[in-house]
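Visitor: 3D, please:
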Amino acid sequence: MAAISGGGAAKNNTTTKRGKPKNKNEDQRNLLGLVTSATSLAHSFLSQNDLLLLPSQTLTLETLLSSASSALSPLLLLSPPPQPPPPPPQPPQECWFRRFLSDTAAGDSRWRHAFRMPEHTFSILLSILSPFLTSAIPSIPPNYAVAAAIYRLAHGATYKAVGRRFGMDSAAACRAFYAVCKSVNDQLANLFEFRSDMARIVAGFRWISLPNCCGVLGFARFGVDSEMLGPNAALLVQALVDSEGRFLDVSAGWPSTVKPEAIFRQSKLYLGVEESRELLNGPAHELGDGIALPQYILGESCFPLLPWLLTPYVRSNEEEESFGASEKAFNAVHSRAVGLVGTAFARVRARWGLLSREWKEECREFLPFVVVTGCLLNNFLMKCSEPLPDVNAESLRKEEGVQVCEGQMDESGERIRDALAAHLSRVSIRR
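Guide: Numbers count the residues shown, from 1 in each chain. Reported below is the predicted structural model:
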């Protein structure tokens, strides 16, 4: 019996070894069939649920499906999978935005997810921009043009993705985007209120212990992929903001190879104070003891100290401990105030995702135009009392590459800064 059992086992092993070899090509076709079927189901899920998913989810899923299709295409040519039965014919689907309008009502949170504003605020913006858009791009309804442009600005979507959602081709989506940006720059320019609302601006800074202050000046960097500008290439944007983070003046589009002081001296802000004398010519504020404090703005250390532009006290690392009480008080208040510029730009990037990405060299000339659009829309939404976007600590990091301005100190600027520093020191002691 033992011999028979052993012989049976040997026979079975022989049969296994001589069995039909596995067909690898057939297995590959089956696997490709499964992947193709899964991709098709994902496409179907996306088309049936695009009104329920967040824009970030649909854009990510579209990108993944596009990558999967591109990777599968050459494999399908070499080893086509078994053909599944053809799907039943589907009725043509209206574009996403038309269905969105039919499916949403006033107060629907999906408006804020898609366009960074509720429906009623979108309607206000549309009413302001429509007259210009009707003549500029008559082939595109104004509500579609504004919605498409805001969607691209909010989510950084490609023109192809935008066009698919708003029933237009990529070229039309591009025309709509830049037409809306131009209309925002033209029609909302009055929201840079430095010339028109000085009383409100000064009152706001008074609440943070800065009498007669008219703004805070700083820089932000927007990355570009440019060999011409070298490593860490960027465009610099100089901005003046108020105590609430509204933009009062913006000068955009300067290459990162240009020094901040050179940018400052060529800006309309500088010319408006130094040459035309149109700006910062309001009444002085009495600090006491016969000291009058003129209107001024605060600036980072990369700017020159001037009678109307007060920068922080700066010394070498070895001498920092030699700061007196008034100098420390001034620098502390100054540092908090200058942080308003970083916070304002962080909010712009958080709200408008297109401005948080690196731009290609061929699109560089349009970036300043889009930055100003984002800043104006930031002011517009603040004016409409829309909630501010949350910003994290990483987005508030100080801009790199900003150096201390060199050159001789302005004596009048030093006296005014010393007077304000003494005032701030007394205020901090009383507290």
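Visitor: number of nearby residues for Lys167?
Guide: Careful, residue 167 is Gly; it's not Lys. Using other Cβ atoms under 10 Å, Gly167 is surrounded by 17 other residues. All C-beta atoms are positioned from the backbone trio N, CA, C, and that covers glycine.
Visitor: And the pLDDT at it?
Guide: With respect to pLDDT, Gly167 scores 95.
Visitor: partner residues bridging Gly223?
Guide: On the basis of DSSP bridges, Gly223 is bridged to Ala234.
Visitor: How about the contacts made by it?
Guide: Listed by Cβ atoms under 8 Å, 6 or more residues apart in numbering, the contact partners of Gly223 are Asn232, Ala233, Ala234, Arg357, Glu358, Trp359.
Visitor: Which PyMOL command selects the buried ones in those?
Guide: One line in PyMOL is enough to select the buried members of these, burial here meaning 16 or more other Cβ atoms under 10 Å:
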select buried, resi 233+234+359
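Visitor: and for stretch 140-154, what are the contacting residues?
Guide: Applying Cβ under 8 Å, 6+ apart, the contact partners of stretch 140-154 are 55, 97, 114-117, 122, 125-126, 129-130, 133-134, 137, 157, 159, 162-163, 165-168, 172-173, 175-177, 179-181, 351-355, 370, 373-374, 377.
Visitor: still on that earlier bit, what's the lowest-pLDDT member of the contacts of Gly223?
Guide: Within the contacts of Gly223, pLDDT reaches its minimum at Asn232, with 79.
Visitor: Which two of the contacts of Gly223 have the greatest separation?
Guide: Farthest-apart pair in those is Asn232 and Arg357; separation 15.5 Å (Cβ to Cβ).
Visitor: Please name the nearest non-neighbouring residue to Asp418.
Guide: Setting aside the residues directly before and after it, Asp418 is nearest to Ser326 in space (Cβ to Cβ, 6 or more residues apart in numbering), at 7.3 Å.
Visitor: follow-up on the earlier one: for PyMOL, write the select line for the buried members of the contacts of stretch 140-154.
Guide: Entered in PyMOL, the line below selects the buried ones among the contacts of stretch 140-154, by 16+ other Cβ under 10 Å:
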select buried, resi 55+97+114+115+116+117+122+125+126+129+130+133+137+157+159+162+163+165+166+167+168+172+173+175+176+177+179+180+181+351+352+353+354+355+370+373+374+377
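Visitor: Cross the contacts of stretch 140-154 against helices and list the overlap.
Guide: 55, 97, 114-115, 122, 125-126, 129-130, 133-134, 159, 162-163, 165-166, 172-173, 175-177, 179-181, 351, 370, 373-374, 377 (DSSP state H).
Visitor: residues contacting the closest residue to Leu217 other than its chain neighbours?
Guide: The shortest distance from Leu217 to any non-neighbouring residue, by Cβ to Cβ, 6+ apart, is to Gly299 (4.2 Å). Gly299 is in contact with Val216, Leu217, Gly218, Leu309, Leu310, Thr311, Val338, counting by Cβ under 8 Å, 6+ apart.
Visitor: make it 6 Å
Guide: Shown in contact with Gly299 (Cβ atoms under 6 Å, 6 or more residues apart in numbering): Leu217, Leu309, Thr311.
Visitor: ok, now Val427?
Guide: Residues in contact with Val427 (Cβ under 6 Å, 6+ apart) are Ser209.
Visitor: okay, now Phe380: neighbour count?
Guide: As a burial measure, Phe380 scores 19 neighbours (other Cβ under 10 Å).
Visitor: My error: substitute Asp50 in the last question.
Guide: There are 18 residues near Asp50, going by other Cβ under 10 Å.
Visitor: Okay, it and Gln57: tell me how far apart.
Guide: Distance of Asp50 to Gln57, computed by Cβ to Cβ, to the nearest Å: 9 Å.
Visitor: Gly282 too?
Guide: Shown here: Gly282 relative to Gln57, a distance of 51 Å by Cβ to Cβ.
Visitor: which ones are touching Glu278?
Guide: By Cβ under 6 Å, 6+ apart, the residues touching Glu278 are Gly272.
Visitor: ok, now Phe132?
Guide: Taking Cβ under 6 Å, 6+ apart, we find Phe132 in contact with Ser183.
Visitor: List the contacts of Gly253.
Guide: Counting by Cβ under 6 Å, 6+ apart, Gly253 touches Leu235, Pro368.
Visitor: that older thread, residues shared between the contacts of Asp50 and Gln57?
Guide: By Cβ under 6 Å, 6+ apart, no residue touches both Asp50 and Gln57.
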